[in-house]
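**Student:** I'd like to go over a predicted model; first the sequence, then the structure.
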Amino acid sequence: MGLLTHCWLGKKALWEHNVYGLTPTIGSANHLLQYAKEHRDAALMQEVMKLLKKNNLPLQPSTADIVFSICNDTDQWGCSQSIRRDLSRVA
C-alpha cells in the first residue's frame with residue numbers, strides 16, 4: 001500500500017460512522033496531523049480539521065500545538081486564525 005492509501009484510510013477512521021467499526025479519537029487525528037507536519041502538508045491538515053469538526057471530535061491543546069506549528073511552517077496564517085476561533089468556542 002502506498003502512503004496516500006494510508007492517509008486515506010486514516011481519514012476514514014475519523015468518520016463517526018465508518019465501515020471499519022473504529023471509534024474516531026483525537027489521538028488518531030493527532031497522528032495524521034503529525035504526518036502532515038512532517039511533510040509540511042497544509043491541505044491534509046485542513047482535511048483532518050474538517051473531519052474533526054464534522055464528526056464532533058473535541059479539539060485538544062496537543063491538536064492546537066500541531067496545527068499552529070503547521071500553519072507557521074507553511075506560512076498560512078489564515079488557518080491559524082480560524083483554529084483560534086474554534087478553540088475559543090471550546091474553552
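**Tutor:** Alright, I've got the coordinates. Predicted, not measured: the structure shown is a model, and the values here were computed from it.
**Student:** isn't W77 right next to F68, touching?
**Tutor:** No: with contact defined as CB atoms under 8 Å, W77 does not reach F68; the gap is 10.1 Å. Just so you know, the C-beta spots here come from the backbone N, C-alpha and C atoms, and that holds for glycine as well.
**Student:** More neighbours: the two, which one.
**Tutor:** F68 (15 against 9; other CB atoms under 10 Å).
**Student:** Please identify which helix or strand holds that one.
**Tutor:** helix 61-73 (DSSP states H and E).
**Student:** buried ones in that helix?
**Tutor:** Across helix 61-73, burial judged by 16 or more other CB atoms under 10 Å covers T63, A64, I66, V67, S69, I70, C71.
**Student:** so what pLDDT did the fifth one get?
**Tutor:** This points to S69. S69 is assigned 90 on the pLDDT scale.
**Student:** unless I'm mixing things up, it is touching K37, no?
**Tutor:** Yes: using CB under 8 Å, S69 makes contact with K37 at a distance of 5.7 Å.
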